[in-house]
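Novice: With the input below, show me the fold.
(one chain, ligands or ions: 2)
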Amino acid sequence: MITVALSKGRLFKDFIKFLSTKGLNHYASPLQENGRYLYKIIGDVKFIFAKGSDVPTYVEQGIADLGIVGQDIITENFFDVLNVSKLPFGQCRLAIASSPNLNQHEFKVVATTFTNITRQYFNEQRQDVELIHLHGSVELAPILGLADAIVDIVQTGTTLKENNLVEYSTIMNIQARLIANKQSFYIKDEAIYRFIKEIGVI
Ligand SMILES: Nc1ncnc2c1ncn2[C@@H]1O[C@H](COP(=O)(O)OP(=O)(O)OP(=O)(O)O)[C@@H](O)[C@H]1O
Ligand SMILES: O=P(O)(O)OC[C@H]1O[C@H](OP(=O)(O)OP(=O)(O)O)[C@H](O)[C@@H]1O
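Specialist: Ligands and ions are numbered 1, 2, ... in the order given. Presented below is the predicted three-dimensional model:
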């Protein structure tokens, strides 16, 4: 038995679609059954449903052998896990955004959930900014004057557009990643290989 930690939000929906397009309905169908279940065993795979930012913790600690998580989460935080491969879903980007017609080089206060990535970016730009950490609805910050700009995830661009904000720069492109516990990857190599081959990741 191997354990796979899944993000239970957007990436979960994307993963189900990914499984369906590959004809892997023996996984997709039971996974999408309604309910408040926290894990599901399908054949010899146990899927656990966690918050995206907690997925690498379950993998790092060896509770899960594999995990599916956004690149943003594993870049923002250091986790001692194996970054096995990219997955063909969850595409989005981390971008600097604010009201139109401003000069990015004059931003002094930036609000974001991703303070580590943002700090590194502005350090590399040699631009001194104060960071404000927010947990969500980050777009409110420049609108209400809490910050000059934000660094946040942009996918379709709808949230920015509907709030009269524009993108200034892309900081990083993001997609889902398959990660693995370092020990499991060697100890449970056969079972892990069977699963990742079955879902067509290698
Ligand atoms: N529009 C988007 N907004 C946020 N994340 C997105 C978006 N598009 C793709 N992603 C990716 O999805 C990941 C979030 O996945 P998911 O929603 O499954 O996580 P979650 O933590 O369970 O959800 P939530 O944070 O909404 O509770 C992000 O880390 C990012 O890589
Ligand atoms: O470009 P778009 O397709 O509009 O997607 C981007 C929006 O989606 C995410 O927010 P989410 O819905 O997760 O809410 P949150 O801001 O409260 O975290 C992200 O933080 C942006 O606000």
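Novice: CA only for contacts and neighbour counts going forward, please
Specialist: OK.
Novice: What strands flank the longest strand seen in the chain, and is each parallel or antiparallel?
Specialist: Identified as the longest strand of the chain according to DSSP state E is strand 166-174. Strand pairing for strand 166-174, using DSSP bridges, gives strand 92-98 (antiparallel).
Novice: Just confirm yes or no for the longest strand of the chain near ligand 2.
Specialist: No. Figure legend: strand 166-174 not in contact with ligand 2 (CA under 6 Å from any ligand atom); closest approach 10.4 Å.
Novice: Okay, now the sheet partners of the helix or strand that comes right after that strand, with direction.
Specialist: Counting by DSSP states H and E, the next helix or strand C-terminal to strand 166-174 is strand 176-180. Here strand 176-180 has these sheet partners by DSSP bridges: strand 66-70 (antiparallel), strand 82-86 (antiparallel).
Novice: looking at those, which is buried most?
Specialist: For the strands paired with strand 176-180, the largest average neighbour count (mean count of other CA atoms under 10 Å) is found in strand 66-70, namely a mean of 28.
Novice: That strand and ligand 2 in contact?
Specialist: No. Using CA under 6 Å from any ligand atom, strand 66-70 stays clear of ligand 2, with a minimum separation of 12.4 Å.
Novice: ok, then the element right after that strand?
Specialist: helix 71-76.
Novice: what does the helix or strand encompassing residue 41 contact?
Specialist: In this assignment (DSSP H and E), residue 41 forms part of strand 39-42. For strand 39-42, contacts defined as CA atoms under 8 Å, 6 or more residues apart in numbering pick out 26, 27, 30, 31, 46, 47, 48, 49.
Novice: Low-confidence bits of the protein, can you list those?
Specialist: Under the criterion pLDDT under 70, no range of the chain is flagged.
Novice: domain assignment for it?
Specialist: The record's domain parsing of the chain by automatic domain parsing lists 2-90+175-198, 92-173.
Novice: on that earlier part again, ok, of the contacts of strand 39-42, which come out buried?
Specialist: The neighbour count (16 or more other CA atoms under 10 Å) marks 27, 31, 46, 47, 48, 49 as buried among these.
Novice: Could you give the bridge partners of the third one?
Specialist: Partner residues in beta bridges with residue 46: residue 3, residue 41, with DSSP bridges as the criterion.
Novice: How much space separates the nearest residue to residue 202 once chain neighbours are set aside from ligand 1?
Specialist: Of all residues not flanking residue 202 in the chain, residue 196 sits nearest, at 6.4 Å (CA to CA, 6 or more residues apart in numbering). Separation of residue 196 from ligand 1 (CA to the nearest ligand atom, to the nearest Å): 19 Å.
Novice: So which residues on the chain come close to ligand 2?
Specialist: 136, 137, 138, 152, 153, 154, 155, 156, 157, 158, 159.
Novice: quick one: which of those sit in helices?
Specialist: Residues of the residues of the chain next to ligand 2 located in helices (DSSP state H): 158, 159.
Novice: export the residues of the chain next to ligand 2 to CSV and tack on neighbour count and distance to residue 123?
Specialist: Below are those laid out as CSV (neighbours: other CA atoms under 10 Å; distance: CA to CA, whole Å):
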residue, neighbour count, distance to residue 123
136, 10, 24
137, 11, 25
138, 19, 21
152, 23, 17
153, 24, 20
154, 20, 22
155, 15, 25
156, 11, 28
157, 14, 26
158, 11, 29
159, 15, 27
